[in-house]
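Peer 1: With the sequence up front, the predicted model follows.
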Amino acid sequence: MKLVLISDTHARHRALSKLPTGQTIVHAGDFCHYGGEEGLRDFLSWYTVLPYEYKILVAGNHDFKAAEEKETFLSQLPNNIIYLEDQGVEIEGVNFWGSPVQPDLVGMAFGKDRERGMKQHWEIIPEATDVLITHTPPKGILDTSRSGRRLGCDYLRSELERIQPRLHVFGHVHASYGQIQLGPTHFINATSIRSQAQSMNAPISIEI
């Protein structure tokens, strides 16, 4: 299965360069920019017609409607978009699991206190997960901000020792776009946006 990976489009999805061919596209959160309704509708109209058999979507800290008006948000989703909020889906024998939660940004969508509830949150991820999709990076892996701070989640990093997914996709930290193989897991920070004024990072594709 060929996956095409994007994240953090922040309502600039139409500025992406030509998307690679593939069977499944994954968006790892922040499809909106501060939750604008117009941006959400435009994103969904764009995402739903992309030429992929499967379209997986996870929210992020800018996706307020998904967090605060969940039923209305779900009613807006086209039938061909697979939205994962702390849940999984099996596609052709590959187990995906996705979560929008991230530490520290308590005032934003899906933000949690780093020391309260994060450990318990990640413990629900099944060990059989092949592709883990989280908005936040794990601590110490492609999570360095422009100021040099490590913004990833410690508890998520600890749980990876138990889960050992084949692929872990995330975004959130725009300055750390890229990929790295560590042990059994291929880690990809697929963040698409660099800044509102700059061009977008290229989508990343991978076979699994």
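Peer 2: Good, I have the coordinates.

Peer 1: Please identify the buried residues of the top helix by length along the chain?
Peer 2: Ranked by residue count under DSSP state H, the longest helix found in the chain is helix 37-48. For helix 37-48, a neighbour-count test (16 or more other C-beta atoms under 10 Å) marks 39-40, 42-44, 47 as buried. For every residue, glycine as well, the C-beta is placed using N, CA and C.

Peer 1: Can you list the neighbours in contact with that helix?
Peer 2: Outside helix 37-48, the residues within contact range by C-beta atoms under 8 Å, 6 or more residues apart in numbering are 9, 11, 13-14, 25, 27, 31-33, 55, 57, 63, 65, 73, 76-78, 80-81.

Peer 1: Drop anything exposed from those residues.
Peer 2: Burial by neighbour count, 16+ other C-beta under 10 Å: within the contacts of helix 37-48 this picks out 9, 11, 13, 25, 27, 31-33, 55, 57, 63, 65, 73, 81.

Peer 1: Export those to a markdown table and append columns for distance to Ile133 and secondary structure.
Peer 2: Shown next, in a markdown table, are the buried ones among the contacts of helix 37-48 (distance: C-beta to C-beta, whole Å; DSSP: H, G, I helix; E, B strand; the rest coil):
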| residue | distance to Ile133 | secondary structure |
| --- | --- | --- |
| Thr9 | 15 | coil |
| Ala11 | 20 | coil |
| His13 | 17 | helix |
| Ile25 | 12 | strand |
| His27 | 9 | strand |
| Phe31 | 13 | coil |
| Cys32 | 17 | coil |
| His33 | 20 | coil |
| Lys55 | 13 | strand |
| Leu57 | 9 | strand |
| Asp63 | 14 | coil |
| Lys65 | 19 | helix |
| Phe73 | 18 | helix |
| Ile81 | 14 | strand |
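
Peer 1: least trustworthy position among those residues, going by pLDDT?
Peer 2: Among the buried ones among the contacts of helix 37-48, His33 carries the lowest pLDDT, at 90.

Peer 1: OK, contacts around it?
Peer 2: 10-12, 39, 62.

Peer 1: From Leu5, how far out is Leu74?
Peer 2: Per C-beta to C-beta, to the nearest Å, Leu74 is found 23 Å from Leu5.

Peer 1: Ends of stretch 86-100, what's the gap?
Peer 2: 7 Å (C-alpha to C-alpha, to the nearest Å).

Peer 1: Actually, stretch 110-123.
Peer 2: End-to-end distance for stretch 110-123, by C-alpha to C-alpha: 17 Å.

Peer 1: and what of stretch 111-118?
Peer 2: 10 Å.

Peer 1: so who does Ile206 touch?
Peer 2: Applying C-beta under 8 Å, 6+ apart, we find Ile206 in contact with 2-3, 5, 167, 186, 188.

Peer 1: Would you format those residues as CSV with neighbour count and distance to Glu92 included?
Peer 2: Output for those, formatted as CSV (neighbours: other C-beta atoms under 10 Å; distance: C-beta to C-beta, whole Å):
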residue, neighbour count, distance to Glu92
Lys2, 14, 12
Leu3, 25, 12
Leu5, 28, 17
Leu167, 22, 15
His186, 17, 19
Ile188, 24, 20
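
Peer 1: Right, I'll leave it there.
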